[in-house]
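# Predicted model and sequence follow; I will ask about them next.
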Amino acid sequence: MELDSLSDRILNGDRRALARGITLVESGRADHRAQATELLTRLTKEGRQALRIGLSGTPGVGKSTFIESFGMMLTGQGLRVAVLAVDPSSTRSGGSILGDKTRMERLSREKNAFIRPSPSQSHLGGVARRTREAIALCEAAGFDVVLIETVGVGQSETVVSELSDLFMLLLAPAGGDELQGVKRGIMEMADMILVNKADGDLKSAATRTCADYSGALRLLRKRPQDPEGFPKAMTVSAVEEHGLAQAWEEMQSLSKWRRENGHWEVNRATQAQYWFEQEVRSALLARLATPQARSEMERLGSQVSTGQLSPSVAAEHMLSALVAG
Ligand SMILES: Nc1nc2c(ncn2[C@@H]2O[C@H](COP(=O)(O)OP(=O)(O)O)[C@@H](O)[C@H]2O)c(=O)[nH]1
Ligand SMILES: [Mg+2]
């Protein structure tokens, strides 16, 4: 398809064109990459923005169920909702976290919703770039809300929080009084903690878990981007669809406050800078992995081992070779 027509159709909100655009940005082929860059340049000129909501949580807490219920509520209000996934484990498992589209059966039939399962990826750097570009395409296509789901493994929360305006941590009710082993670093990223499954037999456990986390959040260092009362914990039930409207109200009031107080722009600007630096890093690492670079590394390494070159002089040679190459 012509880039002109693809870009026009995406701007008109055509979901099939959007899907093609995302396939293009996901492609590893050099000619596709050039087209993808051209497409993104055209589309981002429009300056459209969505509310980007990151959502993280270990498998089984109810992310997919929540996204479906929450997404249905939003489309019910006339909003257009896109769902993307960051799944660093998909290469190993061969699956994808949104592969369970079955759990989002209702949402996937909505004309105002767009659901994109995560592709198999080789490394998190690539995942981040593709997700970032997919978000940009969804924004150009006029989506109001982009939900970015990830499983809580390793670095993926950092990636998603650096791609989001709001970052949600979804938890399940805990049995005991322990804080479910949520790492402090993850807690510090959260704008809201949603304790899901606050229904039936689990309701009182959910209330207790929520109180525990409210207490834990109050102990964290105050962040400039938070109004009074944030970050906050609340209970929801994705299945019974309780608490979703309240959660949405809180998200809106937080993002409104951040916009009015300049934090929204600052956050996006800081994120852009972060991704720029990450791209430089990963591009340099990629250069280090080429056969030429490896053999140069070996050649210089043996000269270092025999004492012909000092480690720092050899490192300088190596770095100039990388930058030149
Ligand atoms: N009781 C209850 N169960 C839920 C709720 N949300 C999800 N579940 C169940 O928890 C299990 C895992 O849900 P899923 O959405 O696949 O979790 P994910 O792995 O985080 O995407 C499923 O059996 C859901 O039916 C909820 O609000 N209440
Ligand atoms: Mg899921």
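Alright, I've got the coordinates. Please read all numbers here as calculations on a predicted model, not as lab measurements. Ligands and ions are numbered 1, 2, ... in the order given.

# buried set for the helix or strand where Ala272 lies?
Assigned by DSSP states H and E, Ala272 belongs to helix 263-288. The neighbour-count check on helix 263-288 (16 or more other Cβ atoms under 10 Å) flags His263, Trp264, Asn267, Gln271, Trp275, Gln278, Ser282 as buried. No exception for glycine: its C-beta is placed from N, CA and C like everyone else's.

# what's near enough to touch the third one?
With contact taken as Cβ atoms under 8 Å, 6 or more residues apart in numbering, Asn267 is in contact with Asp165, Gln225, Arg258.

# Same question for the one helix or strand Leu322 maps to: list its buried residues.
Element membership of Leu322 [criterion: DSSP H and E] is helix 311-324. Buried residues in helix 311-324, counting neighbours by 16+ other Cβ under 10 Å, are found at Ala314, Met318, Leu322.

# what does stretch 19-36 give?
Arg20, Gly21, Ile22, Leu24, Val25, Glu26, Gln35, Ala36.

# which other helices and strands contact the helix or strand where the first one lies?
Using DSSP H and E, the element containing Arg20 is helix 15-26. Applying 3 or more Cβ pairs under 8 Å, 6 or more residues apart in numbering; DSSP states H and E, we find helix 15-26 packed against helix 3-11, helix 30-44, strand 113-115, helix 124-140.

# separation between the one residue in the chain that gets nearest to ligand 2 and Thr209?
In the chain, the residue found nearest to ligand 2 is Ser64; the distance is 3.3 Å by Cβ to the ion. As judged by Cβ to Cβ, to the nearest Å, Ser64 and Thr209 stand 20 Å apart.

# out of those two, which sits in the busier spot?
Thr209 (28 against 23; other Cβ atoms under 10 Å).

# hang on, that one packs against Leu171?
Yes - applying Cβ atoms under 8 Å, one finds Thr209 in contact with Leu171, separated by 6.6 Å.

# need the residues of the stretch 1-150 of the chain near ligand 1, please.
Gly57, Pro59, Gly60, Val61, Gly62, Lys63, Ser64, Thr65, Arg103 (Cβ under 6 Å from any ligand atom).
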